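S.K.: here's my sequence, what's the structure:
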Amino acid sequence: MKKILGQLNDLLLVNFEVEKVYDEIVDEVKDDTLRRFFRESAIERNEFSKLINKEIESLGETPERVGALSKNFYKLKTKFKGLLDVENESKLIDEIFMLKQASVNKYNEVLMQPHLPLKVCKTLVKQRDSIQDTLRVFKREYAIVA
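M.R.: Okay, the predicted model is just below:
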């Protein structure tokens with residue numbers, strides 16, 4: 001159970017960091033579709049964090065509070081801001097796809113754990129599927145724009 005709780009806390013941190021990246025760059029994006037995407041994605045990740053927090057508590061543990069953001073957050077933020085500075089929409093789209101896929105992979109890692117409580121599993125599957133659905137919609141919208 002300790003391993004599962006550790007992975008849930010990692011997933012909580014991932015969602016928190018991605019939410020903050022989206023929040024910080026939403027106003028810097030010029031494209032309305034991207035701005036809407038970042039705003040909606042930040043809200044979605046906030047909701048995911050709340051649900052994962054609740055699941056950790058339901059397992060009798062206290063979620064690890066994020067006092068300081070990890071190095072990954074700063075790398076992500078710097079990468080996205082760098083792409084905004086050069087206004088390279090194509091590379092920004094690629095980074096969004098990679099970030100979404102990395103998130104899905106992180107969810108899959110946790111979902112493969114034996115003895116994962118059914119309620120936690122259902123919550124994580126729903127979140128993972130939502131990320132995948134958002135990615136599909138975004139790809140479709142971007143393909144129409146491009």
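
S.K.: tell me where this protein is predicted with low confidence.
M.R.: Counting by pLDDT under 70, the ranges of the chain that qualify are 65-89, 142-146.

S.K.: mind redoing it with 80?
M.R.: In the predicted model of the chain, residues 28-29, 31, 64-96, 138-146 satisfy pLDDT under 80.

S.K.: helices along that one, start to end?
M.R.: For the chain, the helices identified by DSSP state H occupy 2-25, 32-58, 71-85, 89-111, 118-145, in order along the chain.

S.K.: tell me the gap between the first one and the middle of its chain.
M.R.: Taking the mean C-alpha point of helix 2-25 and that of its whole chain, the gap between them comes to 7 Å (Cα atoms, centre = their mean, to the nearest Å).

S.K.: ok and it relative to helix 32-58, angle-wise?
M.R.: Taking axes from the mean of the first three to the mean of the last three Cα atoms, to 10 degrees, one finds that helix 2-25 is oriented at 150 degrees with respect to helix 32-58.

S.K.: count the neighbours of Ser90 for me.
M.R.: Each residue near Ser90 was counted by other Cβ atoms under 10 Å, and the total is 10. Glycine gets a C-beta too; all of them are placed from N, C-alpha and C.
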